[in-house]
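Chemist: build the 3D model from these lines:
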Amino acid sequence: MQCLAEAPEFDRGVIDALRQPLENGRVTIDRSAASAVYPARFQLVLAANPCPCGKSGGRGADCTCTPRVRRSYFGKLSGPLLDRVDLQIAVPTVSYGELAAGAGQGETTAEIAVRVARARAAQAERLRGLGLRTNAELGGSLLHGALRPPRAVTAPLERAMDRGSLTARGHQRVLRVAWTLADLEGRGVPVLDDVDTALYFRSLVPA
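Modeler: You can find the predicted model right below:
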């Protein structure tokens, strides 16, 4: 796993250089006399404040950034790069009362670890005959062939593509996430709720 904190502070060219490794899991270095290819399959986590000063969350009363500065800030995260980020989550400002009320609630780390292990085992069993281990390795031929969910389940993806809000690459990535959500819930195949949730996670881009 690789994490880039304050991702918009990096030079756009540096961040965009990650696009190809994220796509095919390889890094190619070309020189005049030779070319070398190295394995580079990794999980990328990008984190960013809501604006350069970091204070536009919530009411944003103390933010000193202009709208133009905010747009420029997130403009460093290009559309093609974000198209390769499967889960995009906005974390709202939390008050002390909300923080105190939520302490100790939800699943424990141990409980989540058990559920993830079961999901990984389900993936490995389903993909064993295909020479694969995880949903992240699924290609378009499988996602639109042997592992294609029913038409009624994928209908939201078709509508999103028709509206132009989802690319062909995004369509495949949503299906991979939907399969993973199904595995986490112990289902043998994605249902409509899994596809809707996976699609929702791609819509939380900065405004």
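
Chemist: closest to the centroid, which residue in the protein?
Modeler: Asp86 (2.0 Å; C-alpha atoms, centre = their mean).

Chemist: show me where the protein has its helices.
Modeler: All helices of the chain, identified by DSSP state H, fall at 12-16, 19-24, 67-75, 79-82, 96-102, 109-127, 140-143, 151-163, 168-184, 192-201.

Chemist: average model confidence for the fifth one?
Modeler: Within the predicted structure, the mean pLDDT of helix 96-102 is 79.

Chemist: pull the distance from it to the chain's centre.
Modeler: Centroid displacement of helix 96-102 relative to its chain, using C-alpha atoms, centre = their mean, to the nearest Å, is 28 Å.

Chemist: same deal with the fourth one?
Modeler: Going by C-alpha atoms, centre = their mean, the spacing between the C-alpha centre of helix 79-82 and its chain's C-alpha centre is 11 Å.

Chemist: tell me which strands and helices it is in contact with?
Modeler: In terms of contacts (3 or more C-beta pairs under 8 Å, 6 or more residues apart in numbering; DSSP states H and E), helix 79-82 is packed against helix 12-16. Where you see a C-beta, it was placed from the backbone N, CA and C, and this is true even at glycine.

Chemist: buried ones in the helix it packs on?
Modeler: By neighbour count on 16 or more other C-beta atoms under 10 Å, the buried set for helix 12-16 is Ile15.

Chemist: now that helix: mean pLDDT?
Modeler: Taken as a whole, helix 12-16 has a mean pLDDT of 90.

Chemist: could you list every residue that touches Ala124?
Modeler: Ala124 makes contact with Arg133, Thr134, according to C-beta atoms under 8 Å, 6 or more residues apart in numbering.

Chemist: my bad, Arg118
Modeler: Contacts for Arg118 (C-beta under 8 Å, 6+ apart) come out as Asp183, Gly186.

Chemist: domains of this structure?
Modeler: Domains of the chain are assigned by automatic domain parsing as 2-29+36-56+63-85, 109-201.

Chemist: okay if I get these as TSV plus distance to Gly102?
Modeler: Shown next, in TSV, are the domains of the chain (distance: least, C-beta to C-beta, whole Å):
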stretch	distance to Gly102
domain 2-29+36-56+63-85	21
domain 109-201	16
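
Chemist: pick out the shakiest of those, pLDDT-wise.
Modeler: What stands lowest among those, in mean pLDDT terms, is domain 2-29+36-56+63-85, with a mean of 90.

Chemist: now it: how far from the chain's centre is it?
Modeler: 12 Å.

Chemist: over to stretch 179-193?
Modeler: Counting by C-alpha atoms, centre = their mean, stretch 179-193 is centred 17 Å from the centre of its parent chain.
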